[in-house]
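*Asks:* Quick one: sequence plus predicted model below, questions after.
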Amino acid sequence: MLSIHGDEKKAMDFLDKSIKKFPEYGELRFYLSLLYYRIGLYQNALNVAKEAYELSPNQTTEDLYLRLKNNLPVKI
């Protein structure tokens, strides 16, 4: 939500803290990957999307990972 309103720094801080507190939740990495993608850090987005998929293998995390891996656009 913070990222949608243009406050990427707060969103990143929130996600980083949340991932440290709940490292097993792939969904948090999914959102961090989207944030990285949104601000143009594509390699970071790919790396974190892969982690999200490994922790939470589902259609959503797989789709994000494969789109980033194959340099396809991601709709946010």
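*Replies:* Okay, I see it.

*Asks:* End to end on stretch 16-35, go ahead and measure it.
*Replies:* Using Cα to Cα, to the nearest Å, the end-to-end distance of stretch 16-35 comes to 11 Å.

*Asks:* Let the chain start at 57 from now.
*Replies:* Let's use 57 as the start, then, which means that last one is stretch 72-91.

*Asks:* Flag every buried residue along that stretch.
*Replies:* Ser74, Ile75, Gly82, Leu84, Arg85, Phe86, Tyr87, Leu88, Ser89, Leu90, Leu91 (16 or more other Cβ atoms under 10 Å). To be clear about C-beta, it is placed using only N, CA and C from the backbone, and glycine gets the same treatment.

*Asks:* Of the residues you listed, which is the nearest to Leu124?
*Replies:* Ser89 (7.3 Å; Cβ to Cβ).

*Asks:* How much space separates the closest one from Glu83?
*Replies:* 10 Å (Cβ to Cβ, to the nearest Å).

*Asks:* what's the residue positioned nearest the centre of the chain in contact with, if anything?
*Replies:* In the chain, the centroid-proximal residue (Cα atoms, centre = their mean) is Ser89; its distance is 1.8 Å. Shown in contact with Ser89 (Cβ atoms under 8 Å, 6 or more residues apart in numbering): Asn100, Ala101, Leu102, Val104, Ala105, Ala108, Leu120, Leu124.
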